[in-house]
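Colleague: Fold the following.
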Amino acid sequence: MAERGRRSSQPLLSSILDTLGEEIVSGKQPEGNTFTLHDLSERFDISRTVAREAMRALEQLGLVSSSRRVGLKVLPQSEWNVFDHAVISWRLRSNEQRPAQLASLRELRDSVEPGAARLAAVNATQEQARRLRELAEQIVELAGQDAGNSEAFQEADLEFHALMLEASRNEMFIALTQPIMGIMSGRALYGIMPDDPHVDTMQIHVELAAAISRGDADAAEDASRRLLRGVNDFMEM
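Modeller: Coordinates of the predicted model:
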């Protein structure tokens, strides 16, 4: 048991959570399945303390419930904390869950970003507007070089859209940054993003940044909607 205590590190807990989280969201551990702290201790060769930490983390994510009589019980998807980064990551890794997760993230983004663009046109600082214009030009340049899956393109695209959400100054939109970034990261990681994203679609980033810079809320919202339609079309998601 002393050896187990020495292994009670955060990396170990993260590894255990990754394993259990992926099993639950993929259905390998189906809804209603039960296991105990003793099962976790034996399976992963960990102390009861670490097993209890894993249980609490899974409970917070809505993946399991616990009781003295039953132990840990796998909950239905309706109970999952679907906005949590870990749950999103596990669903994206799952062949069974990935299509639905990408679709949900896309629909979330389609609903949120145009409103954020409108607010950004009203609320963005001069520095934020300047950086958006700079990033938009970089995105178009890299798209023209068939670099849609390059690290530089991904970084510029992620920063552009995260900054636009931040510039909206709506704390609830800003809180959705991480889930929305999930689809942008996932499309590259799982081969959805083409190397040669349509330059004419990517050019809308420039229009969007310009509309935000001049404070034109209607134009910013319209550009955001056109950009998202174009991206969804060429990725066929």
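Colleague: ok now the helix ranked longest in the chain, how far from the chain's centre?
Modeller: When the chain is parsed with DSSP state H, its longest helix is helix 98-123. Centroid separation for helix 98-123 versus its chain: 12 Å, with CA atoms, centre = their mean, to the nearest Å.
Colleague: again with stretch 124-140
Modeller: Counting by CA atoms, centre = their mean, stretch 124-140 is centred 22 Å from the centre of its parent chain.
Colleague: for stretch 75-89, same thing?
Modeller: 11 Å.
Colleague: What ranges does the chain have for its helices?
Modeller: Using DSSP H, helices in the chain cover 2-6, 10-26, 37-44, 48-60, 85-93, 98-123, 126-144, 151-167, 171-175, 177-189, 199-202, 204-213, 217-235.
Colleague: ok, so what distance separates the residue nearest in space to the middle of the chain from L176?
Modeller: The residue lying closest to the centre of the chain (CA atoms, centre = their mean) is G182, at 2.2 Å. Using CB to CB, to the nearest Å, G182 is found at 10 Å from L176. Just so you know, the C-beta spots here come from the backbone N, C-alpha and C atoms, and that holds for glycine as well.
Colleague: Then V140?
Modeller: 26 Å.
Colleague: can you check K73 too?
Modeller: Counting by CB to CB, the gap from K73 to L176 is 30 Å.
Colleague: Check H38 too.
Modeller: For H38, the distance to L176 - CB to CB - is 39 Å.
Colleague: higher neighbour count, these two?
Modeller: For H38 versus L176, neighbours defined as other CB atoms under 10 Å are more numerous around L176 (18 against 11).
Colleague: Show me how this protein divides into domains.
Modeller: In the domain annotation for the chain, the residue ranges read 13-79, 99-236 (the TED database).
Colleague: which stretch in the ones you listed is the model least sure about?
Modeller: Among the domains of the chain, domain 99-236 carries the lowest mean pLDDT, a mean of 91.
Colleague: Relative to the whole chain's centre, how far out is that one?
Modeller: Relative to its chain's centre, domain 99-236 lies at 14 Å (CA atoms, centre = their mean).
Colleague: re earlier: could you check the angle helix 204-213 makes with the longest helix of the chain?
Modeller: Angle, helix 98-123 to helix 204-213, by axes from the mean of the first three to the mean of the last three CA atoms, to 10 degrees: 30 degrees.
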